[in-house]
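1. This is the structure alone, sequence omitted:
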């Protein structure tokens, strides 16, 4: 669940209309880790609110689909913005990674584009 933990405490900051405001988990029945996990499940796997509620119920957490919906609306944008800011920015430097393969006894050379972070940025079908 390490990927779910987005905050260190019970309060976080979010920007609403360009003004920094405090995002509080106070007055919520469940701890922040459960709220974060439910919101993560909803957005990461494109589940319905009821599906997330069922997954939580299997783990002994009694949260209705309406509760999950409220959490997704309140916390979803904040979590997504935080994940976006942590993502490495694309660079203007690219490298070519040469690959040599043999198919039917004939040698083929492939040069997929690889970014600075060594991630291939072309779909496998284009390689």
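-> That came through fine. Since the structure is predicted, the reported quantities are computational estimates derived from the model, not experimental observations.
2. Please, which helix or strand holds residue 80?
-> Per DSSP states H and E: residue 80 is located in helix 65-86.
3. May I see the buried residues of that helix?
-> 67, 68, 69, 71, 72, 75, 78, 79 (16 or more other Cβ atoms under 10 Å). (C-beta placed from N, C-alpha, C; glycine too.)
4. In space, what's closest to the first one - neighbours in sequence excluded?
-> Using Cβ to Cβ, 6 or more residues apart in numbering and skipping the chain neighbours, the partner closest in space to residue 67 is residue 53 (7.5 Å).
5. Tell me which residues are up against the helix or strand containing the one you found.
-> Using DSSP H and E, residue 53 falls within helix 49-58. For helix 49-58, the surrounding residues in contact (Cβ atoms under 8 Å, 6 or more residues apart in numbering) are 34, 38, 41-42, 47, 62-69, 72.
6. try 10 Å this time
-> By Cβ atoms under 10 Å, 6 or more residues apart in numbering, the list of residues contacting helix 49-58 from outside reads 30, 34, 37-43, 45, 47-48, 61-72.
7. and what of stretch 35-45?
-> With contacts defined as Cβ under 10 Å, 6+ apart, stretch 35-45 is touched by 1, 3-7, 25, 28-31, 47-49, 51-53, 55-56, 59, 61, 63, 67-76, 78-80, 83.
8. What residues sit buried inside that stretch?
-> 35, 36, 37, 38, 39, 40, 41, 42.
9. Which pLDDT value goes with the fifth one?
-> In other words, residue 39. Note on residue 39: pLDDT of 95.
10. To which secondary structure element type does it belong?
-> helix (DSSP: H, G, I helix; E, B strand; the rest coil).
11. Over to the first one?
-> Applying three-state DSSP to residue 35 yields a three-state assignment of helix.
12. Look at it and report its pLDDT.
-> 95.
13. now for the helix holding residue 80, which elements pack on it?
-> strand 11-16, strand 19-24, helix 32-44, helix 49-58 (3 or more Cβ pairs under 10 Å, 6 or more residues apart in numbering; DSSP states H and E).
14. Pick the most deeply packed of the ones you listed.
-> Across the helices and strands packed on helix 65-86, the average number of neighbours (mean count of other Cβ atoms under 10 Å) peaks for helix 32-44, which reaches a mean of 19.
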